[in-house]
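Asker: could you look at this predicted model? Sequence included:
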Amino acid sequence: MSEHSSSSLSTYVVIWLALLAGTVLTVFAAHINLGPFNAAVALTIATVKALLVVLFFMHLRGASEKLLKLVVISTVFFLFILLALAMADYGTRTWS
Amino acid sequence: MSMATATAQPVERENYLNKHYGVGSWLLTTDHKRIALLYLISITFFFFIGGFFALLIRLELLTPAGDLVQADTYNKLFTMHGMVMIFFFLIPSIPAVLGNFLVPIMIGAKDLAFPRINLLSWYLYIIGGVMMLHCMLTGGVDTGWTFYTPFSTAFTNTKIVEAGLAIFVAGFSSILTGLNFIVTIHRMRAPGMTWSRLPLFIWAHYATSIIQILGTPVVAITIVLVAVERTLHLGIFDPKLGGDPLLFQHLFWFYSHPAVYIMILPSMGIVSEIIACFSRKRIFGYSFVAISSISIAVFGFLVWAHHMFVAGISVYAALVFSLLSYAVAVPSAVKVFNWTATLYKGSIRYDAPMLYAFGFLGLFTIGGLTGLFLASLGINVHVTDTYFVVAHFHYIMVGGALMGYLGGMHFWWPKISGKLYPEGWARLAALIVFIGFNLTFFPQFILGYVGMPRRYYQYPPEFQVLNVLSTAGATVLGIGYLLPMVYFLWSMRYGKPAPDNPWNAAGLEWQTQSPPTTFNFEEEPIVTWEAYNYEELDAPHNEEVPVAR
Amino acid sequence: MHDSSTTAVQGNVQSEVHGAAHNPALLHHFATEEQQRDSASFGMWIFLSTEVMFFGGLFCAYLIYRLKYFGEFAAASQTLNWQLGMTNTAVLICSSLTVVLAVWAAQHSKRALLLGSLVLTLILGFAFLGIKAVEYAEKFEKHHVPGPSFQFDHVKIPTAPGQPEQFANPSHAQIYFALYFIMTGLHALHMIIGIGIFVWLLFIAWKGRLTPEYNTPMEIGGLYWHFVDIVWIYLFPLLYLIDLRK
């Protein structure tokens, strides 16, 4: 696995602009009434931004080995488990 | 090398012990083997501290009345016993001592991937340990090792923040060790050492390291939250201020349940090595045992709320966690079946390491099965917070993890020290430990079943007989633990020099010197054989004369 | 073979044994430079993984209380200055660009770009902390810092037009602010550490120790910085943008 992968400078600039645009979009969307979907939209945009940083700025896209991708996916998975199973308790406390 | 008599000093080959002398060469070492010994001394010290608290607990429980110590003091005793034994003995023990020593050698490497971080791990452990000692000496903690809120955040006046920070620091030691092992196992294997040729000890430590990496940070942040809440009188966990005490328990157990797998997985790795060697057979179902280690690590993260069944979680969540808790037992059972199958038609030897492995098999099975009793919601309601739970986890932690640790220490002692321990005494000690252990903890299953609560310093008189048996057992157990400490130390000076492979065991570590040189191998090994190649080792032209005891 | 202290004589012997072009940065227990670099990078990714779980516990607490006390969370969140938050988000995004430029520059021996990017990164990092300090000062003045001096009386929960008025429960609002300060405070602590790392990187870059053959510190320092950026990418909408539609 060689981490000498580097995108071209123009790629970096494009990603940077996309991140800034995403930020503006997030703020914009927060001010309009999307009903229950405001939070989901905000988190989706945030996740896209995070993915851009991870894939392009942290060079995960170019990594030839699957190992690092496995590390990232596993970590996100276990964080998700913490949130989801905790919510399994909190979300069902008021049932019957 | 001459097998000299005890009084004459044989000419010693250069090895990692005699390479450099002086306190500085030890305290600034980056040699994983020396760091392992630094850990060995430190964790043994904390084992004594934790054991001392256990002794006081069992002394108090000799009589039904609370007559040895006051109630608050008793609370501190069981709290400190738990905190010290879990965070400063069990969690580091095998990975930091045997793991540090053996992982690089078993994979054919010169050292871990990050030797300086390894030393940092030890210093963090020491700093945490000193902080904990200071906390204990200046008042201690009385919340139970689980320091549930809001008692720990709003009511107790003991030294929660200090103890919490001590554990926080020790937690980083654990994280860095796990990080080191994962990178090492991925990146530093010798040519030919493929994943399917790795000793199961390595698989076990790999799985353990995954848990250390993913779980420990969550308890770390939980400790931060407790410290901040306690200091600023916040309400994150305080119901009077809108907080939920169960949130603490969720965050705490998200780590602390996988933590028990940190404690048991390395021991299972040791048992695999020992059973293979002393049955002269490859472990039956190698890939199943390897995968089961990873499964335990993964499943272990899915079951934490089984510690909270009666705490107030929703019954639907309880159902989910109960089901998942049954599932997590499966990979452990897979291991037990495979070890048993390994024994079948094996050429069994009853050396001390094997006695500990047999003890592990029986005691871990009992501990594990009683875990299933506890996973059942109906039973849990009756036995939770009783001595049944105490017996369950001591069967796993002591009957399982500690027995494995002792077995491993005996198995690899010749490699670590270059000396042979006295086998007769070792077998006697193993027997004493087994008898003492069962006498201590089996009565506790019964006590829990008939209703004696845990963490109480007084009890109804009808429970006294069982308590006395338990305390008697603890005394025997203590003697069983003292014996190896004595004869291991004795052997360092008076023991017979060990050959490089006294057990004729498989594994790269047995192809190095006893004790190994600083960089382990003269030349980088190139592995062309499968793990546990006992058939080759025992083929007629390879038979070695058993080492005289 | 010796461990750390190698005398000059033995050093020569070693380079004869290892052959020519033995990079002095190659540590002794590694077989090749590639193995060393891959190990360092892998180690940093795993460390970042622990950091995700570290912050993750806070996100878990945040999630639960946001659902439980949504009204108070909205009311409390709207006392923050989202414009400053948005600016800080932009600041960090720009700093991630300068970091990635620095890594590229190190890999392509562009000394001026390398040093310039590192300096810019530091400036942006300080800018972030400066804006944060301004925000914290404002919170302190308004008595929104959790603890003995916390006050949150008579603050209305944002409701849709036509809905009855509701006032925020100060205890519940305090939970929001506790999480706000702990999460952003922990983030700021990581920023400070990141700045420290980049000061050191600037130093070794200036000394010429970052080359196309060996720029591992730059690479793993960059990974750390990007992670800190990603945490903020989540913190900003979660803390600043609750229920602004009303």
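Answerer: Structure's in. What do you need? Numbers count the residues shown, from 1 in each chain, chains lettered A, B, ... in the order given.

Asker: what about the nearest residue to residue B:212 once chain neighbours are set aside, neighbour count?
Answerer: Once flanking residues are discounted, residue B:212 sits nearest to residue B:178: 3.1 Å by Cβ to Cβ, 6 or more residues apart in numbering or on different chains. For the C-beta atoms, the positions are set from N, CA and C on the backbone; glycine is no exception. For residue B:178, the neighbour count with other Cβ atoms under 10 Å in any protein chain shown is 27.

Asker: contacts only, for residue B:178.
Answerer: B:95, B:208-213, B:216 (Cβ atoms under 8 Å, 6 or more residues apart in numbering or on different chains).

Asker: got these as CSV, with secondary structure and pLDDT columns?
Answerer: CSV is the format used below for those (DSSP: H, G, I helix; E, B strand; the rest coil; pLDDT from 0 to 100):
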residue, secondary structure, pLDDT
B:95, helix, 97
B:208, helix, 98
B:209, helix, 98
B:210, helix, 97
B:211, helix, 98
B:212, helix, 98
B:213, helix, 97
B:216, helix, 98
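
Asker: and the residues you listed as a markdown table, adding neighbour count and distance to residue B:239?
Answerer: Output for the contacts of residue B:178, formatted as a markdown table (neighbours: other Cβ atoms under 10 Å in any protein chain shown; distance: Cβ to Cβ, whole Å):
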| residue | neighbour count | distance to residue B:239 |
| --- | --- | --- |
| B:95 | 28 | 38 |
| B:208 | 32 | 36 |
| B:209 | 29 | 37 |
| B:210 | 27 | 35 |
| B:211 | 26 | 31 |
| B:212 | 29 | 33 |
| B:213 | 26 | 33 |
| B:216 | 27 | 28 |
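
Asker: ok, the residue nearest the centre of chain A to residue B:356 distance?
Answerer: Centroid-nearest residue in chain A: residue A:47, 2.3 Å away (criterion: Cα atoms, centre = their mean). Going from residue A:47 to residue B:356 by Cβ to Cβ, to the nearest Å gives 50 Å.

Asker: repeat for residue C:241
Answerer: Note on residue C:241: its distance to residue B:356, by Cβ to Cβ, is 59 Å.

Asker: likewise for residue B:101?
Answerer: Remark: distance between residue B:101 and residue B:356 (Cβ to Cβ) = 18 Å.

Asker: who's more crowded, the two?
Answerer: The neighbour count for residue B:101 versus residue B:356, taken as other Cβ under 10 Å, is higher for residue B:356 (30 against 26).

Asker: the more buried one and residue B:432 touch, don't they?
Answerer: No. Using Cβ atoms under 8 Å as the test, residue B:356 is too far from residue B:432 to be in contact (12.0 Å).

Asker: for the stretch 51-200 of chain B, which residues are neighbours of chain A?
Answerer: By Cβ under 8 Å from any Cβ of the partner chain, the residues of the stretch 51-200 of chain B that approach chain A are residue B:186.

Asker: residues from the stretch 51-200 of chain B in reach of chain C?
Answerer: Contact residues (Cβ under 8 Å from any Cβ) of the stretch 51-200 of chain B with chain C: B:109-115, B:175, B:179-180, B:182-183, B:186-188.

Asker: name the surrounding residues that touch stretch B:78-88.
Answerer: The contact list for stretch B:78-88, computed with Cβ under 8 Å, 6+ apart, reads B:43, B:46-47, B:49-50, B:53-54, B:57, B:125, B:128-129, B:132, B:136, B:140-146, B:163, B:167, B:170-171, B:259, B:263, B:397, B:455.

Asker: who's the closest spatial neighbour of residue B:282, skipping the chain neighbours?
Answerer: Distances taken as Cβ to Cβ, 6+ apart put residue B:532 closest to residue B:282, at 3.8 Å, once the chain neighbours are dropped.

Asker: need the contact list for the one you found.
Answerer: Residues in contact with residue B:532, defined by Cβ under 8 Å, 6+ apart, are B:199, B:276, B:281-283, B:286, B:506.

Asker: and residue B:359, by the same measure?
Answerer: Applying Cβ under 8 Å, 6+ apart to residue B:359 gives the contacts B:399, B:403, B:407, B:430, B:433-434, B:437.

Asker: and if we set it to 6 Å?
Answerer: By Cβ atoms under 6 Å, 6 or more residues apart in numbering or on different chains, the residues touching residue B:359 are B:403, B:434.

Asker: return the set of buried residues in the helix or strand where it lies.
Answerer: Using DSSP states H and E, residue B:359 sits within helix B:352-375. Going by neighbour count (16 or more other Cβ atoms under 10 Å in any protein chain shown), the buried part of helix B:352-375 is B:352-361, B:363-368, B:370-371, B:373-375.

Asker: any buried residues in the helix ranked longest in chain A, and which?
Answerer: The single longest helix within chain A, with elements called by DSSP state H, is helix A:67-90. Residues of helix A:67-90 classed as buried: A:68, A:71-72, A:75, A:78-79, A:81-83, A:85-86, A:88-90 (neighbour count, 16+ other Cβ under 10 Å).

Asker: of the residues you listed, list those near chain C.
Answerer: Contacts with chain C are made by A:68, A:71, A:75, A:79, A:82-83, A:86, A:90 out of the buried residues of helix A:67-90, judged by Cβ under 6 Å from any Cβ of the partner chain.

Asker: export those residues to JSON lines and append columns for distance to residue B:32 and pLDDT.
Answerer: As requested, those are exported to JSON lines (distance: Cβ to Cβ, whole Å; pLDDT from 0 to 100):
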{"residue": "A:68", "distance to residue B:32": "25", "pLDDT": "93"}
{"residue": "A:71", "distance to residue B:32": "23", "pLDDT": "95"}
{"residue": "A:75", "distance to residue B:32": "26", "pLDDT": "97"}
{"residue": "A:79", "distance to residue B:32": "31", "pLDDT": "97"}
{"residue": "A:82", "distance to residue B:32": "33", "pLDDT": "97"}
{"residue": "A:83", "distance to residue B:32": "37", "pLDDT": "96"}
{"residue": "A:86", "distance to residue B:32": "38", "pLDDT": "96"}
{"residue": "A:90", "distance to residue B:32": "44", "pLDDT": "94"}
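
Asker: what about residue C:143, how many neighbours?
Answerer: 13.

Asker: hmm, the helix or strand hosting residue A:21 touching chain C?
Answerer: Assigned by DSSP H and E, residue A:21 belongs to helix A:9-30. Yes. Residues of helix A:9-30 contacting chain C under Cβ under 6 Å from any Cβ: A:12, A:16, A:19-20, A:23, A:26-27, A:30.

Asker: per-residue confidence at residue 73?
Answerer: In the absence of a named chain, this looks at chain A. What the model reports for residue A:73 is a pLDDT of 96.

Asker: switch to chain C, please.
Answerer: 96.

Asker: isn't it right up against residue C:176?
Answerer: Yes. Shown here, residue C:73 and residue C:176 form a contact pair, counting by Cβ atoms under 6 Å, at 5.0 Å.

Asker: so for these two, which residues contact both of them?
Answerer: Counting by Cβ under 6 Å, 6+ apart, no residue touches both residue C:73 and residue C:176.

Asker: could you list the domains of chain C?
Answerer: C:1-30, C:33-240 (automatic domain parsing).

Asker: which helix or strand contains residue B:445?
Answerer: Residue-wise, residue B:445 maps onto helix B:423-450 under DSSP H and E.

Asker: please point out which parts of that helix sit buried.
Answerer: Within helix B:423-450, the residues scored as buried using 16+ other Cβ under 10 Å are B:425-430, B:432-434, B:436-449.

Asker: quick revisit: so the residue nearest to the centre of chain A sits in a strand?
Answerer: No. If the criterion is DSSP: H, G, I helix; E, B strand; the rest coil, then residue A:47 is helix and not within a strand.
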